[in-house]
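Trainee: sequence below, structure please.
(one chain, ligands or ions: 1)
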Amino acid sequence: MQKIMKAPAKINLTLDVTGKRQDGYHDVEMIMTTVDLADRIHLTPLDENRIAIEVTKGYVPSNENNLAYQAVQALKKRTGIRRGVSIFIDKQIPVSAGLAGGSTDAAAVLRGLNDIWELGLTLEELADVGLEIGSDVPFCVHGGTAIARGRGEKLEFLPAPPPCWVVMVKPQMGVSTKEIYGRLKLSDIKHPDTKGMVEAIVNHDFAGICQRLENVMESVTFQIHPEVKTIKERMVAFGSDGVVMSGSGPTIFGLTQNQSRAERLYNSLKGFIDQVYVVRLLGNKHG
Ligand code: ATP
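Mentor: Just a heads-up that it's a prediction; the model follows:
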């Protein structure tokens, strides 16, 4: 039986870094939500005990370096199951973009194989397996809208934000999350109003959400790639209600509830940049 999983991207409504840990990771506090831009993962069980992987984009690894491959390995190790699977990834989410593309593929594989192999693991158990692969995988296992703390695995779920359009711009360059963390000076951080953002989400206060979009990685990424800052400035000028960078970038997204404003933004941005997407905010857990 083949199973096709939808693996949606995430955006950060806030991203704060609260400390550096002994284990080398940073402690974060960030609000993430899912958007309707998704990879499609085709899972086909194999008779032999092996993992085959194919990806539609040549520069994404189609070997053990792919996070989807690592998800299978981690699941097999955790459960002791000796079965094989063929994975085909139809890649729609831009790579190295701050949208958790690899993490959401890994999460979709965990959820899909849990069904196909009838493992009976809970989402919490799958999220725990996912943490071995990456800090964003636990959130991606659940989807929805949540505050993530710790290194990303401590999740507190929130209601979905009000419906809106998300206009996303992916500049040409990719950004290394590791490099951005390395350059971040904890003493320079101006912390986002995470509590205020939670209140705005709970109260369905769209203007309040737009006002509080904030990401402490922005200034670091802007320093290395000033053109990303220019894109943000243009999106504000073109009428987006709130604009911020997602993750460590370089994707910049703007929110608006007005469809014609979303279309205007898309048309203005398309004039000078290739990768522009207009999608809906999802915000609800996988169900
Ligand atoms: P995050 O937002 O979690 O920091 P990202 O969106 O910035 O992640 P990814 O698209 O996940 O970044 O890619 C980061 C790296 O992971 C790239 O170097 C890419 O080659 C590698 N990678 C491994 N598996 C995948 C996958 N399934 N999809 C995309 N990239 C993958």
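
Trainee: could you pick out the residues of this structure near the ligand for me?
Mentor: 60-61, 65-68, 89, 95-103, 105, 136, 177, 247-248 (CB under 6 Å from any ligand atom). C-betas here are computed from N, CA, C, even on glycine.

Trainee: just the ones of those in helices?
Mentor: Using DSSP state H, the members of the residues of the chain next to the ligand that fall within helices are Leu67, Ala68, Gly101, Gly102, Ser103, Asp105, Thr177.

Trainee: the third one against Ala107, yeah?
Mentor: No. Applying CB atoms under 8 Å, one finds Gly101 not in contact with Ala107, separated by 11.0 Å.

Trainee: the more surrounded of these two?
Mentor: Ala107 (34 against 26; other CB atoms under 10 Å).

Trainee: next up, the contacts around that one.
Mentor: Ala7, Ala71, Leu126, Gly130, Val137, Cys140, Val141 (CB atoms under 8 Å, 6 or more residues apart in numbering).

Trainee: I'd like the next helix or strand past the host helix or strand of it.
Mentor: In this structure, Ala107 is located in helix 101-116 according to DSSP states H and E. Later in the chain than helix 101-116, the nearest helix or strand by DSSP H and E is helix 123-131.

Trainee: packing partners of that following helix?
Mentor: helix 67-79, helix 101-116, helix 137-142 (3 or more CB pairs under 8 Å, 6 or more residues apart in numbering; DSSP states H and E).

Trainee: contacts for it, please.
Mentor: Under CB under 8 Å, 6+ apart, the answer for helix 123-131 is 71, 74-75, 78, 103, 106-107, 110-111, 114, 121, 137-138, 140-142, 153, 155.

Trainee: can you do 10 Å?
Mentor: Applying CB atoms under 10 Å, 6 or more residues apart in numbering, the contact partners of helix 123-131 are 67, 70-71, 74-75, 77-79, 103, 106-107, 109-111, 113-114, 119, 121-122, 136-143, 150-153, 155, 285-286.

Trainee: check which residues of that helix are buried.
Mentor: Buried residues in helix 123-131, counted by 16 or more other CB atoms under 10 Å: Leu123, Glu125, Leu126, Ala127, Asp128, Val129, Gly130, Leu131.

Trainee: please apply the same query to stretch 222-237.
Mentor: Phe222, His225, Val228, Lys229, Ile231, Lys232, Arg234, Met235.

Trainee: my read: the second one touches Met173, true?
Mentor: Just to be clear, that refers to His225. Yes. His225 is within contact range of Met173, at 6.0 Å (criterion: CB atoms under 10 Å).

Trainee: okay, and the common contacts of these two?
Mentor: Joint contacts of His225 and Met173 (CB under 10 Å, 6+ apart) are Gly249, Pro250.

Trainee: ok so, going back, could you dump the helices and strands packed on helix 123-131 to TSV with mean pLDDT?
Mentor: Shown next, in TSV, are those (pLDDT from 0 to 100):
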stretch	mean pLDDT
helix 67-79	98
helix 101-116	98
helix 137-142	98
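
Trainee: returning to that earlier point: so how do I select the buried members of the residues of the chain next to the ligand in PyMOL?
Mentor: Buried residues among these (16+ other CB under 10 Å), as a PyMOL selection:
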select buried, resi 60+66+67+68+89+96+97+98+99+100+101+102+103+105+136+177+247+248
